[in-house]
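S.K.: Give me a model of this one.
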Amino acid sequence: MLQRHQEDRRQVETTVKIDDLVPEDHLVRKLEKAIDFSFIYDIVKDLYSPDHGRPSIDPVVLFKMYLIRYIFGIRSMRETVEQIRTNVAYRWFLGLSLHDPVPHHSTPSKNYARRFAGTDVFQKIFSRILEEAFQHGLVDPSVVFVDSTHVKASANKRKFNTEVAEVEAKAYQEELEKEIERDRIAHGKSPLPPETDKKKREVKISKTDPESGMFVKNERERVFAYSYHTACDRHGWILQSYVTAANVHDSQAFFELFERVKQEVKQRPKDVCIDAGYKTPAIAKYLLEQGIDPIWPYTRPKTKDGFFRKSEFAYDEHFDCYLCPNNQVLSYSTTNREGYREYKSNPSVCKTCPYLEKCTGSKSHTKVVTRHVWQDYYEEAEHLRYVPEHRELYERRKETIERNFADLKEKHGLRWTNYRGLERNQMQAMLVCAAMNLKKLANCLWRMGTSPLFRLCMSLFSSVHQGKQISEWNKMVERQLSFNHFVNSL
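M.R.: Numbers count the residues shown, from 1 in each chain. Down below sits the predicted model:
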């Protein structure tokens, strides 16, 4: 039988509690149970006057508004405030009643740009949330996955100036120059004179956001963007993020990012999983000297079709020379400013060689093979690529760091940025990463708390600490099942 609902929108409800309107399994309840947000007061206390000025909005409410925006992927703070006004769950999370006014959208934005500018508030909040995950035994930094993604800047790609700028020195430039000097002296060469003319290149500087960088999105499209260099563990917990202009190469930003990771996790990883953009002798040396195994992929040789590959020229370490496929010697010639030793063939021999057309297109009939002064580290890292365990770890990139980037853009509203300048984008990066870790922590703790298997494990764990002998627990220890493995099996 057809029945029509009688609408009564003017009815007054007097016995409704806002707590009753939020489902027990709603994400905001999980977030509230995951961590005590009162730690924010200690972080920001020096940024507020204790006895002067107008009363401020509660800092916890302010930062929870930021978290709502990024956890639920809302595009702007203006839209976030509009949703808080009508969403009971958001009001409950902020501690607002149905009649309490919501802070104006400009308040979080102005605090972001003024009060919190030049501070490490967002970094501290990120660190505190990650520390909570560490305390629950959920983070495993023994393996670190590193990669970067490009986030479109708030800048018109057609408004720019073309300028000539000096090429920035590499992060390891000073160490490389010392190594080049030692290598030249060892080969009987004099040290290179100081470089007087700095290398320069043409760069496009945005008129809207000069600190962003031009990024070639595909063969035709070019946009101004920022690079979010990020590291995570094997379970997808974000360990650190570092923002640069999009035209800064991954291998340049790696050193700063990894130093930040070490400061954050307070321990040295065992393996670092990186993609082909980080395959450099400098990174291999940097990691191997710290006892860390770099794990990177196979890269196809860039030799022209029809020519011998570099791998077909055998290096003789004892005589420090190369042997070509025709068994002719390529002797050491010099070490250039880029850190590469140059080994050259005898043109009089090459001129009559039957393999000349497959060896070199040089008009002087001279074949030159280069070898980096840190090539030994690079080759050691290449050998580690064949370890079965390392192959399995590299396959997990798509489940860890690449998945984080997909979630960051699709679920957490960072396909493009609304902020301009490196500082503000770094602040936003730490906020988004903190929100992603908090959401992961909340869901993980919720599943663990509602799982009968988890409660059984916790009771066993408690009994062990009380001195009881429990055979089931001992068997788990003998099989070396860590707490992380147990959580992942839930």
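S.K.: pLDDT weak spots in the stretch 201-350 of the chain?
M.R.: 219 (pLDDT under 70).
S.K.: what about 80?
M.R.: Across the stretch 201-350 of the chain, the ranges flagged by pLDDT under 80 are 217-220.
S.K.: what about the strands in it?
M.R.: Shown for the stretch 201-350 of the chain, the strands assigned by DSSP state E, counting those that start in this stretch span residues 213-216, 222-232, 238-245, 271-273, 293-295, 314-316, 321-323, 329-335, 340-344.
S.K.: Packing partners of the fourth one?
M.R.: Packed against strand 271-273, as judged by 3 or more C-beta pairs under 8 Å, 6 or more residues apart in numbering; DSSP states H and E, are the following elements: strand 143-152, strand 293-295, helix 388-395. C-betas here are computed from N, CA, C, even on glycine.
S.K.: List the contacts of it.
M.R.: Residues lying outside strand 271-273 but in contact with it, judged by C-beta atoms under 8 Å, 6 or more residues apart in numbering, are 142-146, 258, 287, 292-296, 390, 393-394, 396-397, 401.
S.K.: Sort out which of those residues are buried, if you could.
M.R.: Listed as buried from those are 143-146, 258, 287, 292-296, 390, 393-394, 396-397, 401; burial here means 16 or more other C-beta atoms under 10 Å.
S.K.: check contacts around the spatially closest residue to Leu384 that is not a sequence neighbour.
M.R.: Once its chain neighbours are removed from consideration, Leu384 has its nearest residue in Asp293; the separation is 5.3 Å (C-beta to C-beta, 6 or more residues apart in numbering). Taking C-beta under 8 Å, 6+ apart, we find Asp293 in contact with 270-272, 287, 381, 384, 390.
S.K.: if I look at Asp293, how far off is Val387?
M.R.: Summarising the geometry, the distance separating Asp293 from Val387, computed by C-beta to C-beta, to the nearest Å, is 8 Å.
S.K.: ok, now Trp296?
M.R.: Using C-beta to C-beta, Trp296 is found at 12 Å from Val387.
S.K.: Need phi/psi at Trp416.
M.R.: As for Trp416, its main-chain torsions (degrees, to the nearest 10) stand at phi -140, psi 160.
S.K.: Spatially, which residue comes closest to it, not counting chain neighbours?
M.R.: Ranked by C-beta to C-beta, 6+ apart and with sequence neighbours excluded, the top spatial neighbour of Trp416 is Lys152, at 3.9 Å.
S.K.: List the beta-bridge partners for that neighbour.
M.R.: Counting by DSSP bridges, Lys152 is bridged to Ala225, Trp416.
S.K.: doesn't Ser227 make contact with it?
M.R.: No - taking contacts as C-beta atoms under 8 Å, Lys152 lies outside contact range of Ser227: 11.4 Å.
S.K.: Give me the more crowded residue out of these two.
M.R.: A direct count of neighbours by other C-beta atoms under 10 Å for Lys152 and Ser227 places Ser227 higher, at 23 against 19.
S.K.: Please produce TSV containing the strands of the stretch 201-350 of the chain, extended by distance to Ile84.
M.R.: Compiled in TSV, the strands of the stretch 201-350 of the chain are given as follows (distance: least, C-beta to C-beta, whole Å):
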stretch	distance to Ile84
strand 213-216	34
strand 222-232	27
strand 238-245	26
strand 271-273	39
strand 293-295	44
strand 314-316	65
strand 321-323	68
strand 329-335	63
strand 340-344	58
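S.K.: Ile35: which of those strands is closest?
M.R.: Across those, Ile35 has its closest neighbour in strand 238-245 (15.7 Å, C-beta to C-beta).
S.K.: which helices and strands does the closest one pack with?
M.R.: Helices and strands touching strand 238-245, by 3+ C-beta pairs under 8 Å, 6+ apart, are strand 222-232, helix 250-265, helix 422-450.
S.K.: Kindly compare burial across these and name the winner.
M.R.: Compared across those, strand 222-232 shows the largest average neighbour count, a mean of 25 (mean count of other C-beta atoms under 10 Å).
S.K.: Run through the strands of the stretch 51-200 of the chain in chain order.
M.R.: With DSSP E, counting those that start in this stretch as the criterion, the stretch 51-200 of the chain has strands spanning 143-152, 160-166, 200-206.
S.K.: Lys207: neighbouring residues, count only.
M.R.: Each residue near Lys207 was counted by other C-beta under 10 Å, and the total is 12.
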